[in-house]
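# 3D, please:
(one chain, ligands or ions: 1)
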Amino acid sequence: MSLDQSTITELILEAKKKAYEEIGNVEAPTPPAEVAWPVNCDVKPGLEGAVAAGSKIGFVDGVRGALVYRGYDIFDLCAHSTFEEVSYLLMFGTLPTKLELEQFTQQVRSRMSILESTRKMYEVLPVNSLHPMKLLEVAMIGADAEDSKAGEKEIDDLQAAYRVIGQMTTATGMIARKRKNLPLVEPDPDLSLAGNLLYTMTGEKPDEISTRLMDIALILHADHGMNASTFTAMVVTSTLSDMYFAMSGGLGSLKGPLHGGANEAVLYDLEEIGSPDNVDSWFKEAQKNRRKVMGMGHRVYKAYDPRARVLKPLADAYSHQYPDIRQLLDTAEKLEKVAVEAMGDKMIFPNVDFYSGLLYRAMGIETLMFTPLFAASRVSGWVARCMEYKENNRIFRPRGIYTGETDLHYVAMKDR
Ligand code: COA
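Numbers count the residues shown, from 1 in each chain. So this is what the prediction gives:
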């Protein structure tokens, strides 16, 4: 199938229709207007079931497999919106007017240029030995240094948020190029954030279809409830630390293969499997060794992840022109079928990471850059949630339950 703009929109709306056919008979919950503290909840290991905060930003309906940003269905946002609009929506609570969007975009774009301090730090660091997510952390220091240079003692959260969104895109491009020893590319102020991600990574002005697909991927990854990296960023914020440290916390958490790093891990698994014919034996071996299938399962979704519903047909349609990606995609589709047949009773389905990497790979993006792409999007959710939490801030300080000894007598070194 050749892809054009209207086909992309149709594929998303078809995915929406299919999702609603499947979940239409399950009643949508009505969220409370406020959290009635204290909340009683059953808490399981990994804080499963614990309530950390209330939020009006986004809602993951794990029973129905639905995702909502500020009241808007993710399928509609993917079909009709842009990442800039969605970032505004997450941060300010409403869809922007034309003027508001122009002003927002201007704020972000004016903070996108390559920063000298970040560039210099990348010069001295062993770029190819460090994971790109670590280099994104460095970019947060570079951004902070820019504020200090401007004489800011305490940077305003909103200004920092604009800079974080702009710099995360630029730094992702810088890292991709440094890794290949290619000259850096300054962002083009006439391109969108999605366009600039592709442009600053590849050095070529992207076509409208790749730009739209990247835009959709950014929209899909922007926010996702109280996930590990969002919670980490909020914990840092709750101490009244600063926005850049909060982002560093989020980045560290997102990198792990159980979270954002899964998109990278999926590609390694698919390459290891090699072809659809090997899926059965690979999966059998994985089950025997209790090895998890990356890109599957979710703490909250006990239904098909709506983000995977969007990415799957798009990756499928886009990969037709690339035979090597086709092979990986066929392998992924077979793996999905086999895994869901075997584990569907545990409500394990593909999540957002299962198909995203295939789309990025078809765009010619190196596997190690997949998680930074996730981060370039998720920062919108992080800054929005950190600013929201700070409005009624209280330091996060849960309890641990001590299970060790309490009455030992101190033993002198010579007697141990
Ligand atoms: N492959 C195989 N089995 C899986 C699985 C997967 N991807 N995800 C969960 N399971 C199984 C577990 O083995 C466990 O089985 P058991 O009850 O027989 O021991 C059960 O399902 C519950 O899994 P658990 O790891 O306790 O769930 P969790 O809520 O703590 O973890 C994830 C959620 C997302 C971390 C987990 O599903 C996972 O590791 N997925 C793969 C990594 C991934 O794709 N992460 C990105 C998430 S967007």
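# tell me which parts of this protein are close to the ligand?
Within the chain, the positions adjacent to the ligand are 46, 258-259, 262, 292-299, 343, 346, 348, 351-353 by CB under 6 Å from any ligand atom. C-beta here means a position set from N, CA and C on the backbone, and glycine is covered the same way.
# Residue of the stretch 1-150 of the chain nearest the ligand, please.
Distances between the stretch 1-150 of the chain and the ligand by CB to the nearest ligand atom are smallest at residue 46, namely 5.3 Å.
# residues contacting residue 261?
133, 254, 255, 371 (CB atoms under 8 Å, 6 or more residues apart in numbering).
# top of these by neighbour count?
Ranked by neighbour count (other CB atoms under 10 Å), those have residue 371 at the top, with 29 neighbours.
# Now that residue. Nearest residue, chain neighbours left out?
In this structure, residue 371 finds its nearest non-sequential neighbour in residue 260, 4.8 Å apart by CB to CB, 6 or more residues apart in numbering.
# How many residues are close by the one you found?
Neighbour count of residue 260, defined by other CB under 10 Å: 29.
# swap in residue 392?
Per other CB under 10 Å, the neighbour tally for residue 392 reads 8.
# Check it and give its pLDDT.
In this model, residue 392 is scored at 97, pLDDT.
# Residue 87 versus that one, what's the distance?
According to CB to CB, to the nearest Å, residue 392 and residue 87 sit 23 Å apart.
# Repeat that for residue 221.
Distance from residue 221 to residue 87, counting by CB to CB: 12 Å.
# Also residue 284?
43 Å.
# Which one of those two is surrounded by more residues?
residue 87 (29 against 12).
# Return the residues in contact with the more buried one.
Counting by CB under 8 Å, 6+ apart, residue 87 makes contact with 104, 108, 165, 222, 380, 384.
# next one: phi and psi at the fourth one?
It stands for residue 222. phi -70, psi -30 (degrees, to the nearest 10).
# Just give me the neighbour total for the residue in the stretch 251-400 of the chain positioned nearest to the ligand.
The ligand sits closest to residue 297 of the stretch 251-400 of the chain, with a gap of 2.4 Å, by CB to the nearest ligand atom. As a burial measure, residue 297 scores 20 neighbours (other CB under 10 Å).
# Show the contacting residues for residue 47.
Counted by CB under 8 Å, 6+ apart, residue 47 has contacts residue 398.
# actually residue 239, not the one I wrote
residue 395.
# Doesn't residue 60 belong to a strand?
Yes: the assignment for residue 60 (DSSP: H, G, I helix; E, B strand; the rest coil) places it in a strand.
# Skip the chain neighbours and tell me the closest residue to it.
Using CB to CB, 6+ apart, the nearest residue to residue 60 is residue 225, at 4.0 Å.
# Poorly predicted segments of this structure, please.
For the chain, the stretches with pLDDT under 70 are 1.
# And the strands in the stretch 51-200 of the chain, which stretches?
Ranges of strands in the stretch 51-200 of the chain, per DSSP state E, counting those that start in this stretch, are 58-61, 66-69, 72-73.
# What is the neighbour count of the closest residue in space to residue 80 that isn't next to it in sequence?
Spatial nearest neighbour of residue 80, excluding adjacent residues (CB to CB, 6+ apart): residue 9 at 7.6 Å. Look at residue 9: counted by other CB under 10 Å, it has 15 neighbours.
# Verify the contact between residue 9 and residue 77 for me.
No: applying CB atoms under 8 Å, one finds residue 9 not in contact with residue 77, separated by 12.0 Å.
# If we go by neighbour counts, what in stretch 42-60 is buried?
52, 54, 55, 57, 58, 59, 60 (16 or more other CB atoms under 10 Å).
# Endpoint to endpoint, that stretch covers what distance?
Terminal residues of stretch 42-60 are spaced 19 Å apart (CA to CA, to the nearest Å).
# chain center to it: distance?
In terms of CA atoms, centre = their mean, to the nearest Å, the centre of stretch 42-60 is set 18 Å apart from its chain centre.
# State the phi and psi torsions of the nearest residue to residue 186 once chain neighbours are set aside.
Using CB to CB, 6+ apart and skipping the chain neighbours, the partner closest in space to residue 186 is residue 114 (5.9 Å). Here is the backbone geometry of residue 114 (degrees, to the nearest 10): phi -60, psi 130.
# how close does residue 114 get to residue 137?
Taking CB to CB, one finds residue 114 at 17 Å from residue 137.
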